[in-house]
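Student: Sequence plus the predicted model coming up.
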Amino acid sequence: MNGDTDVLVIGGGVTGTGIARDLALRGVDVTLAEREGLSAGASGRSHGLLHSGARYAESDPDGARECLEENCILREIAGECVRETQGLFVQRAEDDPAYFEEKRAACEEIGIPVEVVDGETARDAVPGLADEVERAMWVPDGVVIPSRLVAANAADARDHGARILPHAPVTSMARDGDRIAAVHLGGDVDETLAPTYVVNAAGAHAGKIAEMAGVSVEMRPTRGVMISVVLDGLEPVLNRCRDPADGDIIVPHDDEVVLGTTSVPVGDPDDYDRSEWEIEETVAECATMLPAVADAERVRTWWGVRPLYEPEEAERGGRGISRGFHRLDHVDHAADGSERTENLVSVVGGKLTTYRRMAEATADLVCDRLGVDADCSTADSQLPGANSSSELDAFVREFDGQGPTDADIVGRNESG
């Protein structure tokens, strides 16, 4: 079967579905193709933190402001896709107090609400917090339920005319001069499309999709482990207030918490080691904040692969640097000699919290190329099913979008 579409979005994570939603709301004919079920990549295999911007306040104030702004928008439009838990940055006795003060001052300069409390007050608020915590800082972090967020974006795109195609891997592309002329989708679809424009939002696989199109996108993917353990009653997200390192975040769910994470380069985002030391180190380091997690029952363990952009990593480097997103317009010849491609944009990097902003910037470019005069409305439009967890979970099932991050939450209240 052959078909035409104004825009083909490749990638069914939060960035791809966010782009499809944004374009569909602007009246653009969109098809989204994902090689597996939705949320199969980094979005559904994250720790699920809704950033307030505090983690990056001192290293990247502009990125931190974006996180704060998008955090507020998601609380308005995403309903049961997020949990408003607050966050607590904790300083142990061995942690550098100057780092704590630098972060506090940076947050205040940006406008991130903070409240500093002593260790005793923090332990009163968080039972079981380590005795060695000397002081802590409250910030407006939260928790994302990524399977729901991705599925809700896909459902809104579909409701506005988009085709959402899970299990539809891109198997080949054909060019006609400076343009992509045809894209074949395999899997459950087995269809060739003739898109007017193509958006490469394939996350850690963006380099492979770009190669099919005859262009180059240099990626530096890194893996990170997450461990979900049984622990009831934790309210805020816990962050270790030190230079970002392994095992410095604990994300609360209902009766479980997610411990994370590591950062190890991988050569192939589909084929990489999963090392036991990452699990043990993450648990041990998280236990320095909340000792009970050391002996808590482990429910599930998973790795995610971050879609990091090589040139940014090479320039800025260093764990904990706020990774911005990059919108790569392939209309110009690349320095490496890859083909000029007039109808392709790749979007890489970024964070789950800022997906909507990434989608808006990408949709702006696509609409400009297509001559579509329509403004973005995603910041003011509530996601479908936002106030109903059962409706959101139905979307997850519809698009085969269950990721491991929130497997203990999605669908848990359904009757048999």
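Tutor: Happy to help now that I have it. Numbers count the residues shown, from 1 in each chain.
Student: and the nearest residue to residue 403 once chain neighbours are set aside, which of the three is it?
Tutor: The shortest distance from residue 403 to any non-neighbouring residue, by Cβ to Cβ, 6 or more residues apart in numbering, is to residue 44 (2.1 Å). Glycine gets a C-beta too; all of them are placed from N, C-alpha and C. Secondary structure assignment for residue 44 (DSSP: H, G, I helix; E, B strand; the rest coil): helix.
Student: mind checking which helix or strand residue 175 is in?
Tutor: strand 170-176 (DSSP states H and E).
Student: What distance do you get for residue 193 to residue 354?
Tutor: Using Cβ to Cβ, to the nearest Å, we find residue 193 at a distance of 29 Å from residue 354.
Student: higher neighbour count, those two?
Tutor: Per other Cβ atoms under 10 Å, whichever of residue 193 and residue 354 has more neighbours is residue 354, with 28 against 23.
Student: who's in contact with the host helix or strand of residue 164?
Tutor: Assigned by DSSP H and E, residue 164 belongs to strand 163-165. Defining contact as Cβ atoms under 8 Å, 6 or more residues apart in numbering, one finds that strand 163-165 is touched by 5, 12, 17, 20, 30-34, 38, 154, 157-158, 185, 188-189, 399.
Student: Of those, keep whichever come out buried.
Tutor: With burial judged by 16 or more other Cβ atoms under 10 Å, the buried subset of the contacts of strand 163-165 is 5, 12, 17, 20, 30-34, 38, 154, 157-158, 185, 189, 399.
Student: Relative to residue 116, which of these is nearest.
Tutor: Set against residue 116, the nearest of the buried ones among the contacts of strand 163-165 by Cβ to Cβ is residue 17 (38.1 Å).
Student: so who does the closest one touch?
Tutor: Neighbour list for residue 17: 32, 38, 150, 151, 153, 154, 157, 164 [criterion: Cβ under 8 Å, 6+ apart].
Student: and if you look at residue 248?
Tutor: By Cβ under 8 Å, 6+ apart, the residues touching residue 248 are 239, 240, 242, 285, 286.
Student: cool, residue 332 as well?
Tutor: Counting by Cβ under 8 Å, 6+ apart, residue 332 makes contact with residue 340.
Student: before we move on, the earlier item: list the ones among the contacts of strand 163-165 that fall in helices.
Tutor: Of the contacts of strand 163-165, the ones assigned to helices by DSSP state H are 17, 20, 154, 157, 158.
Student: of these, closest to residue 180?
Tutor: Among the ones in helices among the contacts of strand 163-165, residue 20 lies closest to residue 180 (Cβ to Cβ), at 17.7 Å.
Student: From residue 158, how far out is that closest one?
Tutor: From residue 20 to residue 158 the distance is 9 Å (Cβ to Cβ).
Student: My guess is residue 240 contacts residue 289. True?
Tutor: Yes - because the distance of 5.9 Å satisfies Cβ atoms under 8 Å, residue 240 is recorded as touching residue 289.
Student: returning to that earlier point: measure the residue nearest to residue 403 to residue 402 for me?
Tutor: In this view, residue 44 and residue 402 are 7 Å apart by Cβ to Cβ.
Student: Report how many residues lie close to the closest residue to residue 286 other than its chain neighbours.
Tutor: Excluding the flanking residues, the one nearest residue 286 by Cβ to Cβ, 6+ apart is residue 259, at 4.4 Å. Other residues near residue 259 number 30, with proximity taken as other Cβ under 10 Å.
Student: mind checking the SS state of residue 259?
Tutor: At residue 259, secondary structure determined by three-state DSSP is strand.
Student: got it, and residue 365?
Tutor: State at residue 365, reduced to three classes by three-state DSSP: helix.
Student: Not counting its neighbours along the chain, what's nearest it?
Tutor: Per Cβ to Cβ, 6+ apart, closest to residue 365 is residue 345, 5.8 Å.
Student: check contacts around that neighbour.
Tutor: Residue 345 neighbours (Cβ under 8 Å, 6+ apart): 197, 198, 199, 200, 327, 328, 329, 330, 362, 365, 366.
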